[in-house]
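**Q** need a structure here:
(one chain, ligands or ions: 2)
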Amino acid sequence: MVVLSAEQVRAWDRFTIEKQPIASIDLMEKAAMACVQWMETNRIVNQQQFYIFCGKGNNGGDGLAIARLLQKFNRPVDVFIFETGQLGSPDFQQNLHRLHTLPVTIHFIQENSPLPDIPESVLVIDALLGTGLNRPVEGRMAALISHINQYPNAVISIDLPSGLFADQSTLPHPCIHASITLSFQCFKPALLVSENALFFGIPVILDIGLDQRFLNSCTPLYEMTDGPLAKAILQPRLAFSHKGKFGHALLLAGSPGKMGAAVLAAKACLRSGAGLLTTLVPELERMLFPTAIPESMSILYDNRKPEEILSDTSIYKTIGIGPGLGQQPQSRDWLHHLLTHFRKPMVLDADALNLLASDVRLLEGIPPFSILTPHPKEFDRLNGTCSNDFERLEAALRMAIQHQVIVVLKGHRTFIAMPGGRAWFNTSGNASMAKGGSGDVLTGMLTGLLARGYAPEQAALLGVYLHGLAGEIASRKLGKESVLASDIIDSIGPAFLELESSN
Ligand SMILES: NC(=O)C1=CN([C@@H]2O[C@H](COP(=O)(O)OP(=O)(O)OC[C@H]3O[C@@H](n4cnc5c(N)ncnc54)[C@H](O)[C@@H]3O)[C@@H](O)[C@H]2O)[C@H](O)CC1
Ligand SMILES: [K+]
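**A** Ligands and ions are numbered 1, 2, ... in the order given. Prediction:
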């Protein structure tokens, strides 16, 4: 699945109109029909009186066509056209003409006319502005948007919530707060970043039949993971294999009082298919760890130098570093030691990233194609503060390219930036996973997949997707409030099974 910029979507529009071919007014009709069919399927059509706010561009044209189609359900429809003094786009004008023949009340919001009160029973449809937004909303348009936002009524935005830029930050400008956004054909970045969650509500992508041939020559801004992509990456676990075949991982995680993170990461690593796991465990915790996870071997470390305790790392396929590690000098020494002696891709998370941030020269020493898994704050510590989500996405991609690493920027839609410049938003997972330990589990899973022999980019895409799917499976059983990180671990196996059996 692709994520396109406003300009790319407009190009797709033009390509379709030319190549299919189809008249733009007919494409608008398909878009409007897709919206009304969605509303009918979701039983919205028969419940409401409708107020449809329309701009004078094609987004507004969509709104007029929707008004005409809704009228057939014999529901009271009022159209409010934001008067700009201009005629409006040709398709807008044609739909306005078609509407005049129907018993739909049309109001014009003039510069000084009072803004309409919105009765409780009304469902608002926002068709003021779409991908044609070319400047922050201000003046009367901003006043209308703020006016609509003041009401508790549900709002369905067409294509984009009016005022939202498709591919750059909208903050701090006004924007419609939509309950649902019905967007055409594909996601735009603005519908995937947390800073816009209040604006887009629940994003729904409606297929309006744009010509798929366009994608053969279009390099998408970003892409999205999905089940088929993850399933295509899955490798069969061949019979007659021995544990050594599935790799030996080393995990450096946990510190006195924070061993839970190490246990979670270790379990997740083995649940994700690693054949063998050795965990570096502080001497003080010698008793706890083997009890918590007997399947992992341990190397106990104390204040001696790392090279006295672990001289040979060549037996390990990969190393996971960070969860619960702490930032004390001993952790720094271990990170230095492993970065110096180990040149295969590794997984760096949490305190390993914070230690890197305190000495960014270490970034140069990370083995190529290693996987970094920062949450936004950890990323800003490493990279420097970003003022919005879009800046952070671009910075993550720059870091991936510059340091030839994979940056997994964790969030509601985790962003996976690759060294070659491609990037994916993850689509699996839900809010049940916003809990302590969830990141430790992801680190363990990624370490396990690397040990298992997956190439780093595949391990990142599959691991992030599986992690989210495991969270979904756990929340199906436990509800969204009660999922623990260990429940996600227990759902890794079912997630593999669900993916393997999916079509
Ligand atoms: N393939 C598709 O996705 C289809 C999309 N459709 C709809 O078309 C709009 C885009 O229409 P467009 O005419 O290009 O622009 P808008 O309607 O979004 O904007 C109208 C107009 O508004 C002016 N404007 C821009 N910024 C501001 C501002 N800050 N304040 C006030 N006015 C502003 C500017 O002059 C714009 O031209 C898309 O979103 C879909 O809804 C097609 O209908 C079907 C196929
Ligand atoms: K809109």
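**Q** Name the residues of the stretch 1-150 of the chain found near ligand 1, please.
**A** Contact residues, the stretch 1-150 of the chain versus ligand 1 (CB under 6 Å from any ligand atom): 9, 13, 27-28, 31, 55, 57-62, 89, 129-137, 141. C-betas here are computed from N, CA, C, even on glycine.
**Q** Near ligand 2, list only the ones from those.
**A** Residues of these in contact with ligand 2 (CB under 5 Å from the ion): Gly130.
**Q** Return the subset of the residues of the stretch 1-150 of the chain next to ligand 1 lying in helices.
**A** Assigned to helices by DSSP state H, the following of those qualify: 9, 13, 27-28, 31, 58-62, 141.
**Q** could I get these as TSV with neighbour count, distance to Ser272 and pLDDT?
**A** Shown next, in TSV, are those (neighbours: other CB atoms under 10 Å; distance: CB to CB, whole Å; pLDDT from 0 to 100):
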residue	neighbour count	distance to Ser272	pLDDT
Val9	22	37	96
Asp13	22	42	96
Leu27	20	45	97
Met28	23	48	98
Ala31	26	42	98
Asn58	26	47	98
Asn59	26	45	98
Gly60	30	50	98
Gly61	30	50	98
Asp62	29	45	98
Met141	19	50	97
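**Q** Which of these sits closest to ligand 2?
**A** Minimum distance to ligand 2 across those is 5.0 Å, recorded for Asn59 (CB to the ion).
**Q** Tell me which residues touch the closest one, please.
**A** Contacts for Asn59 were tallied using CB atoms under 8 Å, 6 or more residues apart in numbering; they are 127-132, 158-160, 162.
**Q** Now do the residue nearest to the spatial centre of the chain against ligand 1, distance only.
**A** Nearest residue to the geometric centre of the chain (CA atoms, centre = their mean): Arg413, 1.9 Å. With distances taken as CB to the nearest ligand atom, to the nearest Å, Arg413 is found 21 Å from ligand 1.
**Q** Check Ala178 too.
**A** From Ala178 to ligand 1 the distance is 13 Å (CB to the nearest ligand atom).
**Q** Leaving out sequence neighbours, find the closest residue to His107.
**A** Closest residue in space to His107, ignoring its immediate chain neighbours: Phe80 at 4.8 Å, by CB to CB, 6 or more residues apart in numbering.
**Q** What is the burial count for the one you found?
**A** Phe80 has 24 neighbours, counted by other CB atoms under 10 Å.
**Q** in what helix or strand does it lie?
**A** Using DSSP states H and E, Phe80 sits in strand 77-82.
**Q** which neighbours does that strand have in its sheet, and in what orientation?
**A** As defined by DSSP bridges, the strand partners of strand 77-82 come to strand 49-54 (parallel), strand 105-109 (parallel).
**Q** Tell me the helix or strand right after it.
**A** Immediately after strand 77-82, counting by DSSP H and E, sits helix 90-100.
**Q** Give me the distance from that next one to the chain's centre.
**A** From the chain centre to the centre of helix 90-100 is a distance of 37 Å (CA atoms, centre = their mean, to the nearest Å).
**Q** circling back to that earlier point, how about a markdown table for the strands paired with strand 77-82, with mean pLDDT added?
**A** Putting the strands paired with strand 77-82 into a markdown table (pLDDT from 0 to 100) gives the following:
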| stretch | mean pLDDT |
| --- | --- |
| strand 49-54 | 97 |
| strand 105-109 | 96 |
